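*Asks:* Mind folding the following:
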Amino acid sequence: MTLSVNTNTGAMLALQYLNKTTTELQAAQNHINSGLKIATPKDNGAIFAIAQNMRGDVSAFHAVSDSLNRAVSSIDVAMNAGQAVSDLLVEMKGKAVAAADASLDTASRNALSEDFEALRDQVSNILENATFNGGARLLTLRSFLTANAIKSTNSMTGIDWCSSNSSTPCAVGKISVPLLVAAMGGNTSIRDNEMLYDMAASKDKDFIVVEGATHNIEPCADCETRKGEYGNVTKNFFNYVAKWITSRF
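*Replies:* So this is what the prediction gives:
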């Protein structure tokens, strides 16, 4: 007796297509679930490795961005507190000046004193509560005054420039590299720049005045005796600076 096995070619072909479709559907489902085209090393090992490195970089960038955002928020809190304290100090100065009036009676002077003390308490309250996210205080009276005030016995010669950490006259005293100090002839700060020149520790230093230039190194139209007289001040200034730098470096 002869035995024969008949193969259903059509059914086998259909099964192959079905298996292929199932595999593709599974891959598509993985893409949907993960949101990634290359979700596992099986999809594409090389691209997956590259993607993992890139995901690590992106995660690091996000961490840095979060840190910067927290820093910005902290600075905003400190700046707002500083502005509020500054406004209160202006009010306190007004109260103190008013209380110095010899014509005031005792009741009026006592009222001004009470107002002064209330403002002082507000300053203390702001400084005590200037925190971000429950952390350390961002502003103290010492730090505020160090950044925004300079000790002085008079406004001309009794100034302690190094009593503030944001004082340019104090900073130039520690500069020893070649220094070019430029004043603008169309501005009112020439004396300030002369002082910076005098206080600078640099042995190689020059002082120039740009005639007819404003603080922004632009022509001062109000300074001109004829239209366009100082039209080249910006070009002249930077040409001079270029020659000054080239001769030294």
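*Asks:* Contact partners for residue 212?
*Replies:* Neighbouring residues of residue 212 by C-beta atoms under 8 Å, 6 or more residues apart in numbering: 185, 186, 219, 220, 223, 224, 229, 230, 233. Yep, even glycine has a C-beta here, placed from its N, CA and C like the rest.
*Asks:* Give me the phi and psi for it.
*Replies:* Main-chain dihedrals, residue 212, degrees, to the nearest 10: phi 80, psi 20.
*Asks:* Mind pulling up the pLDDT for it?
*Replies:* As predicted, residue 212 sits at a pLDDT of 91.
*Asks:* so the spatially closest residue to it that is not a sequence neighbour, which of the three states?
*Replies:* Once flanking residues are discounted, residue 212 sits nearest to residue 230: 3.0 Å by C-beta to C-beta, 6 or more residues apart in numbering. Secondary structure for residue 230, judged by DSSP: H, G, I helix; E, B strand; the rest coil, is coil.
*Asks:* Count the residues that sit near residue 230.
*Replies:* 22 (other C-beta atoms under 10 Å).
*Asks:* mind listing what it touches?
*Replies:* So residue 230 contacts 186, 211, 212, 213, 219, 220, 223, 224 (C-beta under 8 Å, 6+ apart).
*Asks:* Tell me the helix or strand right after the one helix or strand in the chain whose mean pLDDT sits lowest.
*Replies:* Lowest by mean pLDDT, DSSP states H and E among the helices and strands of the chain is helix 141-148, with a mean of 64. Counting by DSSP states H and E, the next helix or strand C-terminal to helix 141-148 is strand 151-152.
*Asks:* what mean pLDDT would you report for the longest helix anywhere in the chain?
*Replies:* Scanning the chain for the helix with the most residues, using DSSP state H, yields helix 45-99. The pLDDT scores in helix 45-99 average 80.
*Asks:* pull the CA atoms of the helix or strand following it into PDB?
*Replies:* Proceeding N to C from helix 45-99, the next assigned helix or strand is helix 106-129, under DSSP H and E. Taking C-alpha atoms only, helix 106-129 is exported to PDB below (Å, rounded to 0.1, in the frame of the first residue of the first chain):
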ATOM      1  CA  THR A 106       7.600 115.800  71.900                       C
ATOM      2  CA  ALA A 107       4.300 114.100  70.800                       C
ATOM      3  CA  SER A 108       5.200 114.500  67.100                       C
ATOM      4  CA  ARG A 109       8.700 113.300  67.600                       C
ATOM      5  CA  ASN A 110       7.500 110.300  69.500                       C
ATOM      6  CA  ALA A 111       5.000 109.500  66.700                       C
ATOM      7  CA  LEU A 112       7.800 109.700  64.100                       C
ATOM      8  CA  SER A 113      10.000 107.400  66.300                       C
ATOM      9  CA  GLU A 114       7.200 104.900  66.500                       C
ATOM     10  CA  ASP A 115       6.900 104.900  62.700                       C
ATOM     11  CA  PHE A 116      10.600 104.500  62.400                       C
ATOM     12  CA  GLU A 117      10.600 101.500  64.700                       C
ATOM     13  CA  ALA A 118       7.700  99.900  62.800                       C
ATOM     14  CA  LEU A 119       9.600 100.300  59.500                       C
ATOM     15  CA  ARG A 120      12.700  98.800  61.200                       C
ATOM     16  CA  ASP A 121      10.600  95.800  62.300                       C
ATOM     17  CA  GLN A 122       9.300  95.400  58.700                       C
ATOM     18  CA  VAL A 123      12.900  95.300  57.500                       C
ATOM     19  CA  SER A 124      13.800  92.600  60.100                       C
ATOM     20  CA  ASN A 125      10.700  90.600  59.100                       C
ATOM     21  CA  ILE A 126      11.500  90.700  55.400                       C
ATOM     22  CA  LEU A 127      15.100  89.600  56.100                       C
ATOM     23  CA  GLU A 128      13.900  86.700  58.300                       C
ATOM     24  CA  ASN A 129      11.500  85.400  55.700                       C
END
